[in-house]
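Novice: Just to be clear, the model below is a prediction. Sequence and coordinates:
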Amino acid sequence: MVSSSVGPGVSAAILAGGRARRFGGADKASLSVGGARIIDRQLSALSSIADDIRIVANDAERYAALGVRIIPDAIADAGPLGGIYSALVDARHDTVIVIACDMPFVTAALLERLVTEHRAGDQVDAVVPRSARGLEPLCAVYDRRCANSARARIERGALQVAGFLDDIRTRVLGPDTLALHDAGPLFENVNTPHDHERAKGWVAVNEKPFEDPNTE
């Protein structure tokens, strides 16, 4: 149920179509961190902001019990850029949150700030955080109109998301801005078993047990 200050009209997509080669093909979205699966943590954060949520995944059965719209990649084998494109062409609204399925610490406060920046009125196409490791295009907000630019790059085989950001009007939120919303390792990815253990260790020390605000 949407309850944030940004108001209605926000779409969102969790990209879960990767092959997880560094994790032996495991379903990273279903890994448990702090007593909840990563995807449950993400849906909890998204549900207070977005009224139109989907999971981009080619194995619909894996996520069927979540009661969320599941869509396949619109273009096969196009990597993360293909996931972004799939999210944009399926979205009902112009403002589209996109997050990778392996990021357990994304917060509603951060996502709300990205949406607010996108709606600031100066016609930006994307709002992308920049963490200490660089740009975070898989935890960002895109305008639905970016779909054409994404498809054009895919059709010519230019699948780098960084190049896509160069093609559109991108606003970057730097570390100073992000610090206002930093509840921990916001952009931590669980790509390997070692990453998973580190994430669980951080939660054990720093985070209260997970409670889904959408559950009575």
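Specialist: Now that the structure is in, tell me what you want to look at.
Novice: mind listing the strands for this protein?
Specialist: Secondary structure of the chain (DSSP state E): strands located at 10-15, 32-33, 36-37, 52-56, 69-71, 95-100, 126-131, 134-135, 139-143, 170-173.
Novice: Test my guess that Asp94 contacts Arg144.
Specialist: Yes - if you go by Cβ atoms under 8 Å, Asp94 and Arg144 touch, sitting 4.8 Å apart. Using the backbone N, CA and C atoms, a C-beta is placed for each residue, glycine as well.
Novice: For Thr192, see how far away Val106 is.
Specialist: Distance of Val106 to Thr192, computed by Cβ to Cβ, to the nearest Å: 19 Å.
Novice: Have a look at the two and say which one is more surrounded.
Specialist: Val106 (23 against 15; other Cβ atoms under 10 Å).
Novice: List the residues that contact that one.
Specialist: Arg41, Gln42, Ala45, Ile99, Cys139, Leu186, Phe187 (Cβ atoms under 8 Å, 6 or more residues apart in numbering).
Novice: Span of stretch 83-103 from start to end?
Specialist: 15 Å (Cα to Cα, to the nearest Å).
Novice: List the buried residues in it.
Specialist: By neighbour count on 16 or more other Cβ atoms under 10 Å, the buried set for stretch 83-103 is 83-88, 90-91, 93-103.
Novice: Can you tell me the centre-most residue of the protein?
Specialist: Ile99 (0.7 Å; Cα atoms, centre = their mean).
Novice: Can you name the residues bridging to that residue?
Specialist: Ile14, Cys139 (DSSP bridges).
Novice: where does the protein have low pLDDT?
Specialist: Where the chain drops to pLDDT under 70, the residues are 1-7, 18-26, 181-184, 205, 207-216.
Novice: how about a cut-off of 90?
Specialist: 1-8, 17-38, 58-62, 64, 120-123, 131-133, 174-216 (pLDDT under 90).
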